[in-house]
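[1] Next come a sequence and a model predicted from it.
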There are 2 protein chains.
Amino acid sequence: MKWFLTIGLVTVLTACGADSKQTASTQAAAQQTYKWKLVTSWPKNFPGLGTAPEHFAERVNAMSGGRLTIQVFGANQLVPALQVFDAVSSGTVEMGHSGAYYWKGKAPAAQFFSAVPFGMTAQEMSSWLHYGGGMELWEEVYAPFNLVPLAGGSTGVQMGGWFNKEINSVDDLKGLKMRLPGLGGEVLSRMGGVPVSLPGGEIFTSLQTGAIDATEWVGPYNDLAFGLHEAAQFYYYPGWHEPGSVLEFIVNQEALAELPSDLQAIVRNAARAVNQDMIDEYTFRNIEALKTIQAMEGIQIKRFPDEVLSALRIETEQLLKEQAAADPMVSKVYASFSEFKEGVTAYHNLTERAYLDLRGE
Amino acid sequence: MKWFLTIGLVTVLTACGADSKQTASTQAAAQQTYKWKLVTSWPKNFPGLGTAPEHFAERVNAMSGGRLTIQVFGANQLVPALQVFDAVSSGTVEMGHSGAYYWKGKAPAAQFFSAVPFGMTAQEMSSWLHYGGGMELWEEVYAPFNLVPLAGGSTGVQMGGWFNKEINSVDDLKGLKMRLPGLGGEVLSRMGGVPVSLPGGEIFTSLQTGAIDATEWVGPYNDLAFGLHEAAQFYYYPGWHEPGSVLEFIVNQEALAELPSDLQAIVRNAARAVNQDMIDEYTFRNIEALKTIQAMEGIQIKRFPDEVLSALRIETEQLLKEQAAADPMVSKVYASFSEFKEGVTAYHNLTERAYLDLRGE
């Protein structure tokens, strides 16, 4: 999926965070309390995506002994889903939780820090970001916007989506109306399909009425909650379009700098803990949800044919090369991403992949 | 591998941690500083395993603003590698960093929290521990010893080891002298091999002199540092014996309880951050080390034959069933572990595995 979006009214912002704007000596800072607002692109407490920032706030509150409290807002409670970036950039609020591919209109390289078709898994992305130079590039991309990015969780390898039409060949993609935003949608379009962008709340009805033929969303846990199995019969895998989608925390640069150094470390470590906690939770809940789906009559779980996957990969590589050629920062990030991906593919072919193949037989 | 062990003298322990033993009101506690000692089973700053507890101490120090400082000791600096458990249990020191399979003599179920042949990967183990009931079982196993366990990192899927003899059939395992401790060694023994336990420091010489025919250790990064490529020519995969070895932090129960609640939260969150950071670092460094090994002349990287892997798996299942039948707590932990493994195998067959197969082709 591209994360849940709702289109809503721009809530008039009230002035906030005033008490975090004071500068103070380290001594006084140790006594000072800070109240932050964190806006998200998800409905309040939406499973997985929306609960992660809540867990973040709980961890920060516990570690700071209440010196830094963070109030979490769902989409449209303070700002609409797609204004999270601007709200944090301008300092209207101190933090956000979202997905970097939403901001490709502002910074085309941003999408490499969220989801790239035929890219890397959750574990691989975390290694690239924290050891392979990814975070430094992400910081460089966001610095002009006054934002500090932090990895904010992953859903793991997603499912390929729910279809009301069997996909047996590349020809079956022609004219296929599928809810598939972002780079994946661009690839589908190049193959003759019709990608559609829809907010999460409209997916079920569109699929049920036949307005779309297919949709991707996330994986068993989130898909089941949306009832997509009631509107389509073929559940395809693997999720070639989002193999390791990463979420983001974004922090206003001045707001972060105004915190005493211990609270800055608490913010960074809480994000790191949540970054693993989200994939832990998704893995657990997807196991249970998949069992439920597998037990349903009339649902067929199918793998995309090799021919189709090969064609999608070729189009993806072509698209990414074109985008890199068009923008120097995309070129720089794509080079780092690709080099890491090549190396980790070779390494994981002998380890993760070889082991999962052995065990799964 | 089973983690690096050195056999050394028991250093006479000096009384320590006295200033962390005071109870105090929350108000006073906020001002109080605590100095902890953390003993490990690895040489000081040993790559990956030994640097992780150092990173942990740095994170705690930064987040607590120096209120909780943790001094990290390598094996034999305060206590020998295999006395970490006892030293923390007795309260001689407040914390340790080690691997749970070392303690199977004290608690046979402990090994399920570290490395189980044909078990789960790093990501799967983290999900089982933090959402699937694994941590609660681990706490139950360690409670009689006055210890609180925390997941403390993972090396990822290990390599199968370095061999001076090609393995083409099950018969080639007969009489094979291999450094392979723990459950993996027991499996080898049941198949006619001769498992040998050796501390890390003796592996290279034993392999070079022919005292052993083969050895497993960790993966490209740690193996290269040991120079194992200079003593053997066949590098086998996958690491069926340790697919997702987990490290542990152990905390003395009273020492933890005496901390104010914010510092307790800092300890727990720092461990969680390090738990992901270690696999991030191993992934990155293994990529580079594998490239180096692949470029070496005379080294052959080979997959174990299917016949051999199948036989190893059958023996492993038999061994685990026997161990479960012999101990009620092992039975309880094995049931939870197995149920989670079965579920995550089905889920990852459609996601992680299907995707890695697609990409790696």
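    Sure thing, it's come through.

[2] all strands of the stretch 101-250 of chain A, in order?
    A:147-154, A:161-163, A:177-179, A:194-196, A:214-215, A:234-237, A:246-252 (DSSP state E, counting those that start in this stretch).

[3] what's in contact with the fourth one?
    So the one you mean is strand A:194-196. A:175-181, A:184-186, A:188-189, A:206, A:212 (C-beta atoms under 8 Å, 6 or more residues apart in numbering or on different chains). (Each C-beta comes from the backbone N, C-alpha and C, glycine too.)

[4] In a markdown table: the residues you listed, plus pLDDT and neighbour count.
    Output for the contacts of strand A:194-196, formatted as a markdown table (pLDDT from 0 to 100; neighbours: other C-beta atoms under 10 Å in any protein chain shown):
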| residue | pLDDT | neighbour count |
| --- | --- | --- |
| A:Gly175 | 98 | 11 |
| A:Leu176 | 98 | 19 |
| A:Lys177 | 98 | 19 |
| A:Met178 | 98 | 22 |
| A:Arg179 | 96 | 26 |
| A:Leu180 | 93 | 29 |
| A:Pro181 | 85 | 20 |
| A:Gly184 | 95 | 27 |
| A:Gly185 | 94 | 21 |
| A:Glu186 | 95 | 18 |
| A:Leu188 | 98 | 23 |
| A:Ser189 | 97 | 15 |
| A:Ser206 | 97 | 17 |
| A:Ile212 | 98 | 26 |
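
[5] now these in JSON lines, with distance to chain B?
    Conversion of these to JSON lines gives the following (distance: C-beta to the nearest C-beta, whole Å):
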{"residue": "A:Gly175", "distance to chain B": "25"}
{"residue": "A:Leu176", "distance to chain B": "20"}
{"residue": "A:Lys177", "distance to chain B": "24"}
{"residue": "A:Met178", "distance to chain B": "19"}
{"residue": "A:Arg179", "distance to chain B": "20"}
{"residue": "A:Leu180", "distance to chain B": "17"}
{"residue": "A:Pro181", "distance to chain B": "20"}
{"residue": "A:Gly184", "distance to chain B": "14"}
{"residue": "A:Gly185", "distance to chain B": "19"}
{"residue": "A:Glu186", "distance to chain B": "19"}
{"residue": "A:Leu188", "distance to chain B": "17"}
{"residue": "A:Ser189", "distance to chain B": "21"}
{"residue": "A:Ser206", "distance to chain B": "24"}
{"residue": "A:Ile212", "distance to chain B": "23"}
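
[6] What about those, which are in helices?
    A:Gly184, A:Gly185, A:Glu186, A:Leu188, A:Ser189, A:Ser206 (DSSP state H).

[7] list the contacts for the last one?
    By C-beta under 8 Å, 6+ apart, A:Ser206 lies in contact with A:Arg179, A:Val196, A:Leu198, A:Ile212, A:Thr215.

[8] returning to that earlier point: pick out the most distant pair among the contacts of strand A:194-196.
    Farthest apart among the contacts of strand A:194-196 by C-beta to C-beta are A:Glu186 and A:Ser206. That separation is 19.9 Å.

[9] For the stretch 101-250 of chain A, what lies in contact range of chain B?
    A:118, A:121-124, A:126-128, A:130-132, A:156-159, A:219-220, A:237-240, A:243 (C-beta under 8 Å from any C-beta of the partner chain).

[10] residue ranges with poor pLDDT in chain A?
    A:1-30 (pLDDT under 70).

[11] repeat that with 50
    In the predicted model, chain A carries pLDDT under 50 at residues A:2-27.

[12] quick one, longest helix in it?
    helix A:261-294.

[13] and chain A, what are its domains?
    A:18-156+A:244-284, A:161-241+A:297-330 (automatic domain parsing).

[14] quick one, which of those is packed in tightest?
    domain A:18-156+A:244-284 (a mean of 22; mean count of other C-beta atoms under 10 Å in any protein chain shown).

[15] Report the contact partners of A:Gly66.
    A:Thr33.

[16] which stretches of chain A form helices?
    Using DSSP H, helices in chain A cover A:26-31, A:51-63, A:84-89, A:122-131, A:134-142, A:182-190, A:200-209, A:220-226, A:253-258, A:261-294, A:306-326, A:328-350, A:352-360.

[17] Put the alpha carbons of the second one into CSV.
    Translated: helix A:51-63. What follows is helix A:51-63, C-alpha atoms only, in CSV (Å, rounded to 0.1, in the frame of the first residue of the first chain):
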residue,chain,number,x,y,z
THR,A,51,-0.3,2.5,17.2
ALA,A,52,3.5,2.9,16.5
PRO,A,53,3.6,6.6,17.3
GLU,A,54,1.5,6.0,20.4
HIS,A,55,4.1,3.4,21.5
PHE,A,56,6.8,6.0,20.7
ALA,A,57,5.1,8.6,22.9
GLU,A,58,4.8,6.1,25.8
ARG,A,59,8.4,5.1,25.6
VAL,A,60,9.6,8.8,25.6
ASN,A,61,7.3,9.6,28.5
ALA,A,62,8.5,6.7,30.6
MET,A,63,12.2,7.3,29.9
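
[18] Figure out how far it is from the centre of its chain.
    Distance of helix A:51-63 from its chain centroid, counting by C-alpha atoms, centre = their mean, to the nearest Å, is 19 Å.

[19] How about that helix and chain B, touching?
    Yes. Interface with chain B: helix A:51-63 contributes A:Arg59, A:Ala62, A:Met63 (C-beta under 8 Å from any C-beta).

[20] Which of those residues sits closest to A:Leu312?
    Among these, and counting by C-beta to C-beta, the member closest to A:Leu312 is A:Arg59, at 38.6 Å.

[21] So for the closest one, what's the nearest residue that isn't a sequence neighbour?
    Nearest non-adjacent residue to A:Arg59, counting by C-beta to C-beta, 6 or more residues apart in numbering or on different chains: A:Ala270, 4.1 Å away.
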